[in-house]
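Novice: here's my sequence, what's the structure:
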Amino acid sequence: MLAGLAENSAVILLFGLGALGSLLPDLDSDHSLPVQVSFTLGSILLAFVALFTAASWFPTLAELAVIWLAVFLLSRHLLFAALSRLTTHRGIFHSIPAALLFGCLTAAFLHWLWQKPPPLAWLGGLFVAGGYLTHLALDEIYKVNLFGLRARRNTSHALKLWYAKSPESSLGIYLALVLCYPALPATEPALQWLRERAPAADAPPLLAPANGWFRLPAEPAAQPKAEAEAVTP
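Specialist: Numbering: from 1, shown residues only. Predicted coordinates for the structure are as follows:
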């Protein structure tokens, strides 16, 4: 926001995407309360995406209600349930290519389904991937129980490029990255927009106050009477 790269509403969206990205690595755990909540919220999101997409073809409330309910039930009880059964906790989902995949999918989703311009779509993808990688980095150091507030040293490897115990799932992640490439937003408009909006090297956004913290701006000095009369029409 300080660098002029995002408006207020976009900042809220990007923060939410970063938080979502930090939960995604645990999608392969079917016993965690945050994962169950994420499955439900994800199903609701998919249902609304289907509803908004179908609204131009099926304008009646009854049709849209059926579509919403069908997509929610299918995604919640079939898609995500199959995902939890087919994946191993701390498997390929705990990896760098998985973070890149979810970032790319987010960028494509924001651009093609939410009609966001390429710069904002790519920023959204970067925030999801950044939240994802933050989760992996913390898992690489500590395994934390968010509800019991316990932490212990973690011996597994989260920042990995390949999951040797399941080569097929590793190949699947890389194949998915290749397949989603044609759906990605254009990069040149995003880079051009970034170059135009990036702060100048000699005037970066302030990271800390230069003249003390929480100082109220001084009142403007009163103009001398003669000077004030001179500029008064």
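Novice: I'd assumed Leu123 was in contact with Thr106.
Specialist: No - with contact defined as C-beta atoms under 8 Å, Thr106 does not reach Leu123; the gap is 9.9 Å. Yep, even glycine has a C-beta here, placed from its N, CA and C like the rest.
Novice: output the contacting helices and strands for the longest helix seen in the chain.
Specialist: The longest helix of the chain (DSSP state H) is helix 118-141. When contacts are defined as 3 or more C-beta pairs under 8 Å, 6 or more residues apart in numbering; DSSP states H and E, helix 118-141 packs onto helix 8-23, helix 96-112, helix 187-197.
Novice: which residues of the chain score low on pLDDT?
Specialist: 2, 27-35, 38, 80-91, 143-157, 198-209, 214, 216-233 (pLDDT under 70).
Novice: report the buried residues of the longest helix of the chain.
Specialist: 118-133, 135-136, 138-139 (16 or more other C-beta atoms under 10 Å).
Novice: what angle do it and helix 96-112 make?
Specialist: Our comparison of helix 118-141 with helix 96-112, counting by axes from the mean of the first three to the mean of the last three C-alpha atoms, to 10 degrees, yields an angle of 160 degrees.
Novice: what angle do helix 118-141 and helix 187-197 make?
Specialist: 90 degrees.
Novice: pull the contacting residues for Leu100.
Specialist: Neighbouring residues of Leu100 by C-beta atoms under 8 Å, 6 or more residues apart in numbering: 129, 177.
Novice: and with 6 Å instead?
Specialist: Applying C-beta atoms under 6 Å, 6 or more residues apart in numbering to Leu100 gives no contacts.
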